[in-house]
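Asker: Below are the sequence and a predicted model; questions follow.
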Amino acid sequence: MKILLLGNGAREHVIAETLKKSKGTRLYSYLKAKNPGIISLSEDVEIGPYTDLDKLKAFARKVKPDFGFIGPDDPLSYGVVDALNEAGIEAVGPNKGLARLETSKSFTRKLLRKYNIEGNPKFEIFDKNNIDDASGFIDGLEQCVVKPDGLTGGKGVKVQGDHFTAKKEALEYCNEVLQAHPFVIVEEKLEGEEFSLQCLTDGKTVIATPPVQDHKRAFIDDKGSNTGGMGSYSCEDHLLPFMAKKDAEDGLEITKKVADAIHKETGEYYRGIMYGGFIVTKHGLKLLEYNARFGDPEAMNVLPLLENDFAEVCDSIIKQQLHKVKIKFQKMATVCKYVVPEGYPDNPVKNEKIEIGKISQDARLYYGSVDKRNDGLYLTASRAIGCVGIADSLDKAERIAEEATKSIKGKVFHREDIGTKRLIERKIMHMKQILE
Ligand code: GLY
């Protein structure tokens, strides 16, 4: 099978590796930066911006792939799947309309409300015409969260108690959001522990991958600014230490209902990844948001465990034959720690050279925001390298990932605490207090 992969982060590196493991796969990649990991796995690459749909279509027409695979969210929002479809090529990933699952939080909240799907918190959607009503709505909530209705690279959501304290500040932020976005969503603040449930779907069948917990904050003990995700872990029993089996089942059930509702609402089948960000609360499982693609770093936790031929799984998504595939994941624990530039995310160093030393056979490295130049590898201001450990216990996986981070020399740092017993115990305690 010939596959056209779009995207150039560590998530796409692991997607590329998993596709290449499939029998007889030939990989072609459209990148906006030179990711050495993806380039080494590809027969041919085209470098261009994700917004250049003509360039993408020309490359696709030259390659004539069996299908495309879209890694990141921003190209989905530009309509790359629609562009590939115009060139006669199907893709794993939703078209622009269906990608509203991620690109429009108001679309998704309203969809759950309309089809009576459980998981929504209390919420209201405001625009410039009814923003005066926001004050009364916020008064009725103990604490609130303000979300712009659009892509913000994971940095637009503001939470009372974390990013602001007073109701007045919430209202100010609502008005600020409306300068750049058509809608702002105000929701009740939920207390609990979060997990990512990345599901594969052909629009009719939905299959969950093992749940993963990501760490958004930049520094040890979940301190500091929000990032795209500093690292993540998953466990060998395909649950997480703070959650019950029912939480994972409920997340899958909600996702199945949402896939069905999307079809009823739009008349189209969603084919790709539905990644639910869920939170376990005192009042059951709640949906924080959906993403229309694999998580970064969470893809690095689940894809290496897939026992199936991934290209065949993708083909069955395209052909809506997913019900015929028995998908299996190895019962192993995984830890991913992202090595990032000093100063990330607020003021990252860039154009600094990094060196990669010897890493143990058990560890895996996935390239993210790096640039391969003639004289070596350089940082490009965002998450640079995902270091992944896979083992039969979380402890061992953590040690492998931690060792791997030490092989990367330069102006970088990482979160040493991800996957450690101390942090996991804190999360279990937090959940216990919530449920009391
Ligand atoms: N890890 C968060 C995300 O991929 O959106």
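Answerer: Thanks, I have the structure now.
Asker: Skipping adjacent residues, who's closest to whichever residue of the stretch 51-200 of the chain sits closest to the ligand in space?
Answerer: Going by C-beta to the nearest ligand atom, the ligand is nearest to Gly154 of the stretch 51-200 of the chain, at 5.5 Å. In this view, the C-beta of every residue, glycine as well, is placed from N, C-alpha and C. Nearest residue to Gly154, sequence neighbours excluded (C-beta to C-beta, 6 or more residues apart in numbering): Gly228, at 5.3 Å.
Asker: At which residues are the helices of the stretch 201-350 of the chain located?
Answerer: Ranges of helices in the stretch 201-350 of the chain, per DSSP state H, counting those that start in this stretch, are 245-266, 299-302, 310-318.
Asker: before we move on, the earlier item: does the residue nearest to Gly154 really touch Asp296, like I thought?
Answerer: Yes - at 6.4 Å, Gly228 counts as touching Asp296 under the criterion of C-beta atoms under 8 Å.
Asker: if I look at those two, which residues touch both of them?
Answerer: Shared contacts of Gly228 and Asp296, defined by C-beta atoms under 8 Å, 6 or more residues apart in numbering, are found at Arg383.
Asker: Counting neighbours, go ahead and name the busier of these two.
Answerer: More crowded of Gly228 and Asp296, by other C-beta atoms under 10 Å: Asp296, with 29 against 22.
Asker: Which pLDDT value goes with the residue most central in space within the chain?
Answerer: Closest to where the C-alpha atoms of the chain average out (C-alpha atoms, centre = their mean) is Gly295, at 1.9 Å. Gly295 is assigned 98 on the pLDDT scale.
Asker: returning to that earlier point: show me what contacts the residue nearest to Gly154?
Answerer: Contacts of Gly228 (C-beta under 8 Å, 6+ apart): Gly153, Gly154, Asp296, Pro345, Ser382, Arg383.
Asker: residues in contact with the residue lying closest to the fourth one once chain neighbours are set aside?
Answerer: In other words, Pro345. Using C-beta to C-beta, 6+ apart and skipping the chain neighbours, the partner closest in space to Pro345 is Thr227 (4.7 Å). Shown in contact with Thr227 (C-beta under 8 Å, 6+ apart): Gly154, Lys216, Arg217, Ala218, Val340, Tyr344, Pro345, Arg383.
Asker: of those, closest to the ligand?
Answerer: Gly154 (5.5 Å).
Asker: and that closest one, how many neighbours?
Answerer: Neighbours of Gly154 under the rule other C-beta under 10 Å: 17.
Asker: quick one: which helix or strand includes it?
Answerer: Following DSSP states H and E, one finds Gly154 outside all helices and strands.
Asker: Over to Val81?
Answerer: helix 80-86.
Asker: residues making contact with that helix?
Answerer: Outside helix 80-86, the residues touching it (C-beta under 8 Å, 6+ apart) are 4, 6, 50, 53, 56-57, 60, 68, 70, 90-91, 93-96, 99.
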